[in-house]
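Novice: Give me a 3D structure for the following:
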Amino acid sequence: MKYIVIGLGNYGGGLAEELMAIGHEVIGVDQNEGRVDNLKDKITTAFVLDATDELALETLPLREIDVVIVAIGENFGASVRVVALLKQKKVKHIFARAIDSVHKAILEAFAIDKVLTPEKDAAREFVQFLALGIHAESFRVDEDYYVIKFKVPRKCAGYPLSGMNLEEDFHLKLIALKQAAEVKNILGMKKLTKEVMTVIPDNYLLKEEDELVCYGLYKDFQALWKAF
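Specialist: Prediction:
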């Protein structure tokens with residue numbers, strides 16, 4: 001796919017590199033020459049350009065692109081203006097980054113494909129880390145529902161899975177369990193492996209290195225963190 005990323009700061013620049021790394025074509029745009037120089041050899045091409053200038057924006061191949069991502073976060077006015085211009089030019093698919101709830105509400109009013117809230121998601125992942133003492137990986141399905149993978153809390157190790165009462169008490173659907181096991185390699189050295197189980201007996205005894213993959217409302221995950 002072909003992407004244009006407008007705004008090559010820490011978030012936009014990292015996003016552009018990641019898209020390029022998995023095989024997409026990426027055009028980067030920023031009015032800061034230094035940011036463009038840092039990325040010009042890492043992505044398909046990069047332009048020093050003020051995307052809030054309608055005439056400058058028209059120099060980009062907007063009709064040949066699958067998705068335009070507006071990654072501007074710090075300059076609220078610039079972000080909104082660029083999205084408005086892209087909508088005016090009937091760009092097929094627009095994603096835009098929001099830095100707070102007001103910014104998000106305004107971007108949603110443009111009926112774009114997706115509003116990105118990286119700061120909010122990062123904050124939630126950090127809270128999960130603080131609550132569980134481990135790293136939790138999350139995938140947001142929509143504003144309220146998430147799929148989250150997290151390591152079994154130390155206090156639950158050695159107890160049956162049924163004792164966590166995931167569905168009964170927290171309304172969370174267990175999708176899978178990554179079972180931790182030690183195996184020996186050809187040199188006789190032990191290493192930890194993970195085997196995915198989708199059918200788990202209720203009397204399964206949890207191990208500290210096991211990981212659970214659950215689906216549900218974020219507020220129910222919050223209740224789970226609080227219980228832990």
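
Novice: residues in contact with the strand or helix carrying Val36?
Specialist: With the criterion set as DSSP states H and E, the secondary-structure element containing Val36 is helix 33-39. With contacts defined as CB atoms under 8 Å, 6 or more residues apart in numbering, helix 33-39 is touched by Leu8, Gly9, Gly13, Ala16, Glu17, Gly28, Asp30, Ala46, Phe47, Val48. Using the backbone N, CA and C atoms, a C-beta is placed for each residue, glycine as well.

Novice: Which positions in it come out as buried?
Specialist: Residues of helix 33-39 classed as buried: Arg35, Val36, Leu39 (neighbour count, 16 or more other CB atoms under 10 Å).

Novice: Please tell me how far the next helix or strand after that helix is from the chain's geometric centre.
Specialist: Towards the C-terminus, the helix or strand next in line after helix 33-39, according to DSSP H and E, is strand 45-48. Once both centres are worked out by CA atoms, centre = their mean, to the nearest Å, strand 45-48 turns out to sit 25 Å from its chain's centre.

Novice: List the strands paired with strand 45-48, with their directions.
Specialist: strand 25-30 (parallel) (DSSP bridges).

Novice: In this structure, where is pLDDT below threshold?
Specialist: 120, 122-135, 182-192 (pLDDT under 70).

Novice: okay, now the closest residue in space to His171 that isn't next to it in sequence: neighbour count?
Specialist: The spatial neighbour of His171 that comes closest, neighbours along the chain excluded (CB to CB, 6 or more residues apart in numbering), is Asp220 at 5.0 Å. For Asp220, the number of neighbouring residues by other CB atoms under 10 Å comes to 19.

Novice: Remind me which helix or strand Asp220 belongs to.
Specialist: Taking DSSP H and E as the criterion, Asp220 maps to helix 218-227.

Novice: mind giving me the domain split of the chain?
Specialist: For the chain, the structural domains run 2-116, 124-227, going by the TED database.

Novice: quick one, which of those is packed in tightest?
Specialist: Stretch with highest mean neighbour count among the domains of the chain: domain 2-116 (a mean of 17; mean count of other CB atoms under 10 Å).

Novice: Distance from that domain to the middle of the chain?
Specialist: Here the centre of mass of C-alpha atoms in domain 2-116, compared against the chain's by CA atoms, centre = their mean, lies 17 Å away.

Novice: Name the residues that touch the longest strand along the chain?
Specialist: Taking residue count as the measure and DSSP state E as the definition, the longest strand of the chain comes out as strand 173-184. By CB under 8 Å, 6+ apart, the list of residues contacting strand 173-184 from outside reads 147, 149, 161, 166-167, 190-198, 200, 204, 207-216.
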